[in-house]
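> coordinates only, no sequence provided:
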């Protein structure tokens, strides 16, 4: 009877469970999962054996009370002591779980989930809570050499670590090891056990590995963690004004890309079911954090891209408008309801997110374009894979850090880096449902054809510049200010720049004042105050611009202002090109074709037309151009231009600019490939799909069967 009672008493003891099996993005996430679950059960996990590349074995680190130490009621004192000593010689708990790397992901399996001890009631009582970190051991050595006693040493250590549970005895033990010349510290993968069982005190306060490089390596964001890529290949991010290496962009490996997609796919079910009000609150917090750090973002953009600080601020502010717009997207996702479409049948439609989406960004707007894409996508309930430009990725990573700080759950936003290979991988991946692209025409055509062939939704906004038509009656000052600002701003590297001006009636009345305004612009590094034009993005870009300028002169164009040989004191190696004006430009010239097709530099092409019809014909015959502007004081002329011009964006007495987020970015030229465009309601439509539901409810009389 007594044995039955003892057996029943033992069976009532809490049973410690093994962690649930699963698949994880990387080794650290697997270890964290195992350790945090262990702490919740009352035991501590350590890495017993580890082969970093393929296998990690995690076992239970003893610290509880062993069941075979219990004193039976009819047992003598001597027998009890003997059993206790026997129990104390147990060195290992049989619990073990194994993580194996399989196809780029880590799979957790339970090898032995049983324990030979009871759980700890207070996890802080575990011996790991009293272990010194490597940093603390070094401090003990220094203080010992200075003549301090163990209690004095312990007191000082607790000033920087109030949670330290070590005793003077532990300090004596460390001192004994130091006398023997043993400086090693047992590297248990455990933090303060009350918080987590799988991190190390000393490692937790260290800078992440990607920050320790000099120059720093830009991290990937995978599953909510910023991690250094394992790739040995990287691209230097060059400050265009100084030629200094700002950072290095790794070429993300296939395994890391798969892990990012896996993280986004795993996060999607939970995120899509998150109430829209909670998503909106995260966006509200996100825009607050962007405003807080706008100075840092702008400075990073200037250092990597080269644009003047005032242009960098505008870059961030234009993206911020999209985030603010995303805070109210719930109103635009409301479906429709039609009652009684048939007898007792109601029909309604709902908008649902697509799943995992991806965005491929250009270098021109390092903050605005990423915010164009992922702000709308994630607020609609999608998860996102972002590939920033390899030329200036810093702003995108900083924005991702702010999004995580704002409360965006792990895996909702992920960042991968690379060039052509990663773009192809994005287009081919079956788990990615939609791709957004902004960039050069050649790359955009490739992305559209490859991604659409895999059945994805695609929106590709290609490069190109725009025309301005200047009528003889236009206001002189207003027009000149607009032409100079839109033509040379951002060093002419904006896709909405006015690269070509058609002067109706001739250039002569405008030429002198236009030259005067252009020569007054200050060309210097973007960090300098009052900078008007900074450097172009790279030496290759500068060489291309110079070649096109010379080609134009050789073809008969007149070089009114030459900015090729400008010298900026102290920045002789910078990629600077001053404002350049070419007149007598013809549509057959190479400079007209290439500058219109691709993002170029601070070069303004001047053409002439006899009348408004000829000017409109010049614009319409060019297949590249998101928009066109007209400068005139005649309402009749403006209306004719607005009606007959074949572009998506029209400006009247103002240059073309990026649209507000509540409007739609459109183009009638072959500069957009896809079914649904950016921004406004179109952006919501792109990142959501409509589901139509029809329902009928019939009352069933008691005791009767329902009709099917």
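Looks like it came in fine. For clarity, every value in this text was computed on a predicted model and none was experimentally measured.

> so this protein: which segments form each domain?
Under the assignment named as the TED database, the residue ranges that make up the domains of the chain are 15-63+93-129, 134-185, 262-463+684-689, 466-670.

> mean pLDDT and mean neighbour count added to these, as CSV?
C-betas here are computed from N, CA, C, even on glycine. What follows is the domains of the chain, written out as CSV (pLDDT from 0 to 100; neighbours: other CB atoms under 10 Å):
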stretch, mean pLDDT, mean neighbour count
domain 15-63+93-129, 80, 18
domain 134-185, 76, 14
domain 262-463+684-689, 92, 21
domain 466-670, 87, 19
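
> redo those domains as TSV? Include distance to residue 251.
Formatted as TSV, the entries for the domains of the chain read as follows, by distance: least, CB to CB, whole Å:
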stretch	distance to residue 251
domain 15-63+93-129	16
domain 134-185	33
domain 262-463+684-689	5
domain 466-670	18
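
> next up, the contacts around the residue nearest to residue 260 when sequence neighbours are not counted.
Of all residues not flanking residue 260 in the chain, residue 414 sits nearest, at 4.2 Å (CB to CB, 6 or more residues apart in numbering). If you count contacts by CB atoms under 8 Å, 6 or more residues apart in numbering, residue 414 has them with 220-223, 260-261, 263-264, 383-386.

> cool, residue 431 as well?
Counting by CB under 8 Å, 6+ apart, residue 431 touches 261, 264-265, 355-356.

> quick check: residue 311 is in a strand.
No - Residue 311 sits outside any strand when classified using DSSP: H, G, I helix; E, B strand; the rest coil, being helix.

> quick one on the thing from earlier: inside strands: which ones of the contacts of residue 431?
Judged by DSSP state E, strands contain the following of those: residue 356.

> any chance you could list what contacts stretch 154-162?
Outside of stretch 154-162, the residues that reach it under the criterion CB under 8 Å, 6+ apart are 132, 136, 139-140, 143, 148, 164, 166-168, 171, 201.

> ugh, wrong one, stretch 473-482
With CB under 8 Å, 6+ apart as the test, stretch 473-482 has contacts from 468, 470, 498, 510, 513-514, 517, 629, 631-634, 653-655.

> what's the offset of it from the middle of its chain?
Between the centre of stretch 473-482 and the centre of its host chain there is 41 Å, according to CA atoms, centre = their mean, to the nearest Å.

> strands of the stretch 451-600 of the chain, residue ranges please.
Residue ranges of the strands in the stretch 451-600 of the chain, as given by DSSP state E, counting those that start in this stretch, are 457-462, 466-470, 498-504, 558-561, 580-583.

> one more: the stretch 151-300 of the chain?
220-222, 225-227, 234-238, 245-250.

> and the host helix or strand of residue 323, what does it pack against?
Residue 323 belongs to helix 309-326 when elements are defined using DSSP states H and E. Using 3 or more CB pairs under 8 Å, 6 or more residues apart in numbering; DSSP states H and E as the contact definition, the elements that helix 309-326 packs against are helix 276-292, helix 294-305, helix 368-379, helix 394-406.

> how about a cut-off of 7 Å?
Helix 309-326 makes packing contacts with helix 276-292, helix 294-305, helix 368-379 when contacts are defined by 3 or more CB pairs under 7 Å, 6 or more residues apart in numbering; DSSP states H and E.

> reformat those as JSON lines; add distance to residue 605.
Converted to JSON lines, those look like this (distance: least, CB to CB, whole Å):
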{"stretch": "helix 276-292", "distance to residue 605": "36"}
{"stretch": "helix 294-305", "distance to residue 605": "24"}
{"stretch": "helix 368-379", "distance to residue 605": "26"}
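
> out of those helices, which comes closest to residue 618?
Taking CB to CB as the criterion, residue 618 comes closest to helix 368-379 out of the helices and strands packed on helix 309-326, the separation being 29.5 Å.

> report the next helix or strand after that closest one in sequence order.
With DSSP H and E, the next secondary element past helix 368-379 is strand 383-387.

> the stretch 1-150 of the chain: strands as residue ranges?
Counting by DSSP E, counting those that start in this stretch, residue ranges of the strands within the stretch 1-150 of the chain are 22-24, 44-51, 55-61, 96-102, 105-112.

> other SSEs contacting the shortest one?
I take that to be strand 22-24. The helices and strands touching strand 22-24, judged by 3+ CB pairs under 7 Å, 6+ apart, are helix 27-41, strand 105-112.

> likewise for the second one?
Contact here means 3+ CB pairs under 7 Å, 6+ apart; on that basis strand 44-51 packs against helix 27-41, strand 55-61.

> okay, the angle between the longest one and strand 55-61?
Pointing back at helix 27-41 there. Orientation of helix 27-41 against strand 55-61 (axes from the mean of the first three to the mean of the last three CA atoms, to 10 degrees) gives an angle of 20 degrees.

> the closest residue to residue 461 other than its chain neighbours: what's it in contact with?
Nearest residue to residue 461 in three dimensions, chain neighbours excluded: residue 438, at 4.7 Å (CB to CB, 6+ apart). Taking CB atoms under 7 Å, 6 or more residues apart in numbering, we find residue 438 in contact with 361-362, 369, 461.

> quick check, nearest of the residues you listed to residue 290?
Nearest to residue 290, judged by CB to CB, of these is residue 369 at 14.7 Å.

> skipping adjacent residues, who's closest to the closest one in space?
Of all residues beyond its chain neighbours, the one nearest residue 369 is residue 361 (4.7 Å), with distances taken as CB to CB, 6+ apart.

> wait, the one you found touches residue 392, no?
No - under the criterion of CB atoms under 7 Å, residue 361 lies out of contact with residue 392, with a separation of 9.4 Å.

> residue 484 versus residue 507, what's the distance?
If you measure residue 507 against residue 484 using CB to CB, to the nearest Å, the figure is 15 Å.

> just grab the bridge partners of the residue nearest to residue 585 when sequence neighbours are not counted for me.
Take residue 585 and drop its neighbours on the chain: the residue closest to it by CB to CB, 6+ apart is residue 605, 4.5 Å away. When bridges are taken as DSSP bridges, the partners of residue 605 come out as residue 500, residue 582.

> can you check residue 112 too?
When residue 112 is checked against DSSP bridges, its beta-bridge partners turn out to be residue 96.
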